[in-house]
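1. structure for this input, please:
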Amino acid sequence: MRIQPKAPSVPASAVRPTGAEPTRTTARPTPVRTDSVAISNEGRAASAGVNAAKLADVQDRIRSGFYNSTEVADAVARAIVARGDL
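-> Purely as a prediction, here's the structure:
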């Protein structure tokens, strides 16, 4: 008596006919991530009395990257903790 090992069974749907082209998949493009800000009506109302010169100063700091420094992030984090907002 001779015992032959069983070959693993493969579903017919997984086998393509001889000479058939492999299925090609189209890679999905990586979505572009953008930042955005939504200002509430309350925020708009609160900003109505803001000094134009001070506003321009803050806008210049944003454009220059001033707020991207670790010093500013540290100061903001300390202020949040001190106010008890966490």
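2. and the lowest-mean-pLDDT helix or strand in the chain, what's buried?
-> The helix or strand of the chain with the lowest confidence, counting by mean pLDDT, DSSP states H and E, is helix 41-46 at a mean of 85. By 16 or more other C-beta atoms under 10 Å, helix 41-46 has no buried positions at all. The way it works is simple: take the backbone N, C-alpha and C, and place the C-beta from them, glycine included.
3. next SSE after that helix?
-> helix 52-64 (DSSP states H and E).
4. mind checking how far the residue most central in space within the chain is from Gly65?
-> Most central in the chain under C-alpha atoms, centre = their mean is Arg33, positioned 5.9 Å from the mean C-alpha point. As judged by C-beta to C-beta, to the nearest Å, Arg33 and Gly65 stand 19 Å apart.
5. thinking again about what came up before, assign the residue nearest to the centre of the chain to helix, strand or coil.
-> Recorded secondary structure, Arg33: coil (DSSP: H, G, I helix; E, B strand; the rest coil).
6. and what of Thr26?
-> Three-state call for Thr26 (three-state DSSP): coil.
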